[in-house]
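Engineer: okay, sequence plus prediction incoming.
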Amino acid sequence: MALIPTLTAIFIACSFIGPHNSVMAQLEFGFYSSTCPKAEQIVNSVVQQSVQANSRMAAILLRLHFHDCFVQVPLLFYGCDGSILIEGDKAEKHAFGHQGVQGFDVIETAKAQLESECRGVVSCADIVAMAARDAVALSGGPVYQVQTGRRDGLTSNTSAAVDMPEVTEPIQQLKNKFLQKGLSVKDFVLLNAAHTIGTTACFFMTDRLYNFPGGTSDPTINPVFLPELEATCPKNGDVNVRLAADRESEFKFDDSILRNIRNGFAVIESDAKLYTDAETKNVVDSYMGPLNFLIGPNFGADFAESMVNMGMIDVKTGSQGQIRKVCSAFN
Ligand code: HEM
């Protein structure tokens with residue numbers, strides 16, 4: 001079923017409880033409205049062009065925002081601060097947990113245009129958040145606003161991403177990683193539903209298909225789907241081959257990912273696990289009711305709310321951090 005409403009503006013009130021950082025309150029809607037009125041428009045047009053040139057780019061930009069926000073180091077808060085954009089041998093982007101993350105050039109292109117329009121005003125961290133939002137809308141997902149005013153971080157180190165969520169982790173551990181960030185179980189499920197667009201490399205399928213505990217394949221895979229997955233990602237085959245994370249719906253932001261998860265057609269192992277835990281299963285099921293389009297809850301609106309929550313994780317505001325001149329280097 002198509003997402004309803006697909007292109008309806010959803011204005012997210014900033015009153016919900018978000019991540020644990022008190023500075024999040026300093027983000028605001030329209031932060032650049034007087035200092036760089038064209039900021040949102042410039043990011044939007046760069047994202048549009050990049051998606052036109054490369055249909056994979058919407059998913060890439062959505063994933064980039066997650067990986068920017070989600071670095072995990074006990075007691076050290078990195079959060080959505082553009083640290084993943086920094087270049088360098090030991091820079092965070094090279095961490096194992098960030099494998100395959102791309103989209104840096106799109107952010108840099110937007111930054112260059114923003115610098116000529118209003119120098120030193122718009123942070124790279126905000127560009128990443130706005131680009132992810134525009135990528136969702138361009139894929140047919142909800143149109144929503146994000147607060148801005150994030151500042152760019154002053155550190156970027158591979159060690160900051162040693163504990164990114166991994167597909168093979170137990171569901172409770174994955175859940176905890178989101179809870180530790182101040183997000184809810186509902187956010188956890190909805191944010192994982194970002195896999196409604198994009199692809200995964202066979203590299204991430206190997207354990208699920210050939211080396212699952214017990215020595216065979218993940219028993220939650222629908223028997224009809226298993227041969228299809230095995231054909232796309234054969235044992236000892238090319239691990240770089242890519243397949244849609246949401247079967248038959250790679251480019252469309254819709255709720256088919258939830259249906260696929262429920263029916264044993266999840267591709268990414270951690271997505272399949274969402275239906276193995278009572279709490280997360282309830283959230284998945286809550287969007288599958290026959291009257292959801294009338295009485296809710298609405299997947300698109302709730303996804304947007306969870307994205308806004310994720311975008312507030314440990315942000316830097318005010319005089320913290322800096323506004324970089326280029327996104328790949330500190331000033
Ligand atoms: C338990 C948490 C998560 C795990 C274990 C996970 C894992 C993965 C993996 C293994 C891939 C394939 C990467 C590749 O082959 O290049 C992927 C792709 C992707 N992830 Fe996640 N992910 C998680 C949460 C999220 C969240 C919260 C978002 C965004 C809100 C997200 C957005 C995406 C997108 C859009 C793609 C497709 C990227 C592309 O097509 O290049 N993921 N994820």
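Structural biologist: Good, I have the coordinates.

Engineer: in the stretch 201-331 of the chain, where is pLDDT below threshold?
Structural biologist: Of all residues in the stretch 201-331 of the chain, none has pLDDT under 70.

Engineer: show me what contacts the closest residue to the ligand within it?
Structural biologist: Going by CB to the nearest ligand atom, the ligand is nearest to Ala201 of the stretch 201-331 of the chain, at 3.6 Å. All C-beta atoms are positioned from the backbone trio N, CA, C, and that covers glycine. Going by CB atoms under 8 Å, 6 or more residues apart in numbering, Ala201 touches Gly100, Val239, Asn240, Val241, Arg242.

Engineer: ok, and the closest non-adjacent residue to the residue in the stretch 151-300 of the chain that the ligand sits nearest to?
Structural biologist: Residue nearest to the ligand within the stretch 151-300 of the chain (CB to the nearest ligand atom): Gly198, separated by 2.5 Å. Spatial nearest neighbour of Gly198, excluding adjacent residues (CB to CB, 6 or more residues apart in numbering): Ala59 at 2.8 Å.

Engineer: cool, and Gly264?
Structural biologist: In space, Gly264 is closest to Asn222, 3.1 Å off (CB to CB, 6+ apart).

Engineer: swap in Ile221?
Structural biologist: Gly264 (5.9 Å).

Engineer: so Gly140 makes contact with Ser256?
Structural biologist: No: checked against CB atoms under 8 Å, the pair Gly140 and Ser256 is beyond contact range at 11.4 Å.

Engineer: give me phi/psi at the residue of the stretch 151-300 of the chain closest to the ligand?
Structural biologist: Main-chain dihedrals, Gly198, degrees, to the nearest 10: phi 100, psi -180.

Engineer: for it, give me its contacts.
Structural biologist: Taking CB under 8 Å, 6+ apart, we find Gly198 in contact with Arg56, Ala58, Ala59, Ile60, Leu62, Arg63, Ala244, Ala245, Asp246, Glu250.

Engineer: I'd like to know how far the fourth one sits from Leu179.
Structural biologist: What it means is Ile60. 27 Å (CB to CB, to the nearest Å).

Engineer: nearest to Val326, of the contacts of Gly198?
Structural biologist: Nearest to Val326 among the contacts of Gly198: Ile60, at 19.7 Å, using CB to CB.
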